[in-house]
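J.: here you go, sequence then predicted model.
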Amino acid sequence: MENQSYGFSFQLTLDPFVIPPGGKYPIFLLGITIYLFGMSCNLALLMLLILKRNLHKPMYFILFSLPLNDLIGITAMLPKILSDIVTETQNTYYPLCVLQAFLLHMYGGGILFILAAMSFDRYVAICMPLRYNSIMTPRMVTCIISLVWGLDFVLILLLFCLQTKLPRCRSVIMNVFCDNPSLLKLTCGNITVNNIIGLFNTAVMQAMSVSIQAYSYVKILITCLASRKSETKTKAVNTCVAQLLILVIFEVVGTFTILSHRFKNVSADLQKIMGMLIFLVPPLLNPIVYGLYTAEIRNNLLSVFKNRISF
């Protein structure tokens, strides 16, 4: 078995949840409810940003990427797991596994780059309000969005190009979903380069995102403290709190996920659940956080509901 090399389309076996008798359908119903709720919230935010002309501003053009990224994450993760639970299927094909892993890693990197882009926009708006329109031109916004998605795609593509060229001699994914670490465990080759590239990608994504956000929010804080206008302070709080909350949610859930794999007394099923949370919690909470803390989105959403009710 150890010397066997599989082709690109070979079949893999996933390590399923241990589900008690009679628990299959309740778990499925819970999962499909979570999925539909997350899809509805993010699609509603996307449609609002598309249809409401007063939201066609640089800030919201950049924000558009966030619910789009969340839809990628939750869709790449949950439907396949729910399908496997109901059908009691434990198998998947290698190309599908690679595609799922690629999309999940794109989602993770995407959040970091999108939040960095959004913090830069708020920095310009609050610290350089008179120059905002001359800096955040349509061309500049297009470049920022292209850089966010392009850099994320290139870094993840590099990681998976190296991974798919490795010889494979195992066929069991020790998880309920596919990710790059799980795929690397299938190989019988030297994965030193892959580990280095993986660490490099993580370091680049985290360093770029955190440094841009830290710089932006420190400058915003200084500007607010120096300003005597209460309007400036209120605007900064309303527009930045949501972004900071989303970052905290992502980082806290990610930290718990990592820690769950570091303690031996954590059960395998709990580790799997913790691994799923990073792809489920942010897509569920991000649109709610933005709806609560961003006045323009909240007011537009309320106006839509009022029009529906009056109609």
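T.: Cool, got the structure. If you're wondering where the values come from, they're calculated on a predicted model, not measured in any experiment.

J.: now for Pro16, how many residues are close by?
T.: Burial measure for Pro16: 16 neighbouring residues, criterion other CB atoms under 10 Å. From N, CA and C alone the C-beta is placed, and that goes for glycine too.

J.: from Leu292, how far out is the nearest residue to it once chain neighbours are set aside?
T.: For Pro16, the nearest residue in space outside its immediate sequence neighbours is Gln90; the separation is 5.3 Å by CB to CB, 6 or more residues apart in numbering. Per CB to CB, to the nearest Å, Gln90 is found 40 Å from Leu292.

J.: and the helices in this structure?
T.: With helices called from DSSP state H, the chain shows them at 24-51, 58-63, 65-87, 94-127, 132-135, 138-164, 180-184, 192-226, 230-260, 268-293, 295-310.

J.: what about stretch 253-271, average pLDDT?
T.: Average pLDDT, stretch 253-271: 71.

J.: between the two ends of it, what distance do you get?
T.: Using CA to CA, to the nearest Å, the gap from the first to the last residue of stretch 253-271 comes to 12 Å.

J.: and for stretch 179-192?
T.: Taking CA to CA, stretch 179-192 runs 17 Å from one end to the other.

J.: next: stretch 126-141.
T.: Between the start and the finish of stretch 126-141 there is a gap of 17 Å, counting by CA to CA.

J.: please apply the same query to stretch 122-136.
T.: Across stretch 122-136, the terminal residues are separated by 11 Å (CA to CA).

J.: pretty sure Thr294 is touching Val241, no?
T.: No - no contact is recorded between Thr294 and Val241 when judged using CB atoms under 8 Å, the distance being 9.2 Å.

J.: these two: which is more packed in?
T.: Taking neighbours as other CB under 10 Å, Thr294 and Val241 compare with Thr294 leading, 21 against 14.

J.: now the more buried one: phi and psi?
T.: Backbone torsions of Thr294, given as degrees, to the nearest 10, read phi -110, psi 110.

J.: which residue, other than its chain neighbours, is closest to it?
T.: By the measure of CB to CB, 6+ apart, the closest residue to Thr294 outside its immediate chain neighbours is Ala242, 5.7 Å from it.

J.: what residues are up against the one you found?
T.: Shown in contact with Ala242 (CB atoms under 8 Å, 6 or more residues apart in numbering): 289-290, 292-294.

J.: wait, Ile85 touches Ile27, no?
T.: Yes - under the criterion of CB under 8 Å, Ile85 lies in contact with Ile27, with a separation of 6.0 Å.

J.: who's more crowded, these two?
T.: Neighbours per residue (other CB under 10 Å) separate Ile85 from Ile27, with Ile85 holding more: 19 against 16.

J.: ok, that one to Val18 distance?
T.: Using CB to CB, one gets 11 Å for the distance from Ile85 to Val18.

J.: cool, His105 as well?
T.: Between His105 and Val18 the computed distance is 27 Å (CB to CB).

J.: okay, those two: which has more neighbours?
T.: Neighbour totals were compared for His105 and Val18, and His105 leads with 23 against 10 (other CB under 10 Å).

J.: and the closest residue to the more buried one other than its chain neighbours, what does it touch?
T.: Using CB to CB, 6+ apart and skipping the chain neighbours, the partner closest in space to His105 is Ile156 (4.8 Å). For Ile156, the contacting residues are 102, 105-106, 109, 201, by CB under 8 Å, 6+ apart.

J.: name the nearest residue to Ser115, ignoring sequence neighbours.
T.: Rather than Ser, residue 115 is Leu. Per CB to CB, 6+ apart, closest to Leu115 is Leu247, 5.4 Å.

J.: burial count for the one you found?
T.: Using other CB under 10 Å, the number of residues around Leu247 comes to 21.

J.: pretty sure it is touching Gln213, no?
T.: Yes - contact status for Leu247 versus Gln213: in contact at 6.7 Å, counting by CB under 8 Å.

J.: joint contacts of the two?
T.: Residues touching both Leu247 and Gln213 (CB under 8 Å, 6+ apart): Leu115.

J.: so where's this structure shaky on pLDDT?
T.: Residues of the chain meeting the criterion pLDDT under 70: 1-9, 229-239, 258-264, 266, 305-311.
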